[in-house]
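Student: the amino acid sequence is not available; the structure is as follows:
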């Protein structure tokens, strides 16, 4: 709307108050007559509607119950299974852990360490049993040097 249309004044209507009261009486009298004529019909229509509603509720209640049972027994589990499958597809895969390889390395290292400890312990016990006297050491060195000499001369 333009501003010109808004600025125009609405025309004023002068109605005589006596005429207005007469019109109000006529309307209220007509409304009372219509209510008297329609009243019994509306009461009857209300009774019929209540009866029809009751029969509709009797008819629909078992069908609604049957539909609910069907949804619980048939549709619900299917929808639940579908949601579980979808959740499995949506969930990101977890990274594979290489625990087997690390465990194998740890066990192999432990076995090698244990074997080394056993060998070292045997060597220390053997060396503790051998005599370390100067005569024994000179005899061992003579035997080893003569043995080399004999093997080299042949």
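Tutor: Everything's here; your move. Quick caveat: nothing in here was measured; it's all calculated off a predicted structure. Residues are numbered from 1 along each chain as shown.
Student: per-residue confidence at the residue positioned nearest the centre of the chain?
Tutor: The structure's the chain has its C-alpha centroid closest to residue 87; by C-alpha atoms, centre = their mean the separation is 7.1 Å. Reported pLDDT at residue 87 in the predicted model: 87.
Student: so it versus residue 95, what's the distance?
Tutor: 19 Å (C-beta to C-beta, to the nearest Å). In this view, the C-beta of every residue, glycine as well, is placed from N, C-alpha and C.
Student: which other helices and strands contact the helix or strand where residue 36 lies?
Tutor: In this assignment (DSSP states H and E), residue 36 forms part of helix 17-70. On a contact count with 3 or more C-beta pairs under 8 Å, 6 or more residues apart in numbering; DSSP states H and E, helix 17-70 meets no helix or strand.
Student: for the helix or strand following that helix, the distance to its chain's centre please.
Tutor: Next along the chain after helix 17-70, taking DSSP H and E as the criterion, comes helix 76-90. Relative to the centre of its chain, helix 76-90 is centred 11 Å away, using C-alpha atoms, centre = their mean, to the nearest Å.
Student: measure stretch 61-78 end to end?
Tutor: End-to-end distance of stretch 61-78: 25 Å, with C-alpha to C-alpha, to the nearest Å as the criterion.
Student: mean confidence (pLDDT) on it, please.
Tutor: Taken as a whole, stretch 61-78 has a mean pLDDT of 90.
Student: please point out which parts of that stretch sit buried.
Tutor: The neighbour-count check on stretch 61-78 (16 or more other C-beta atoms under 10 Å) flags nothing as buried.
Student: before we move on, back to that, between the helix holding residue 36 and helix 76-90, how big is the angle?
Tutor: For helix 17-70 against helix 76-90, the angle by axes from the mean of the first three to the mean of the last three C-alpha atoms, to 10 degrees is 80 degrees.
Student: gap between residue 63 and residue 78?
Tutor: 21 Å.
Student: distance check, the residue nearest to the centre of the chain against residue 81.
Tutor: 11 Å.
Student: repeat that for residue 69.
Tutor: From residue 69 to residue 81 the distance is 19 Å (C-beta to C-beta).
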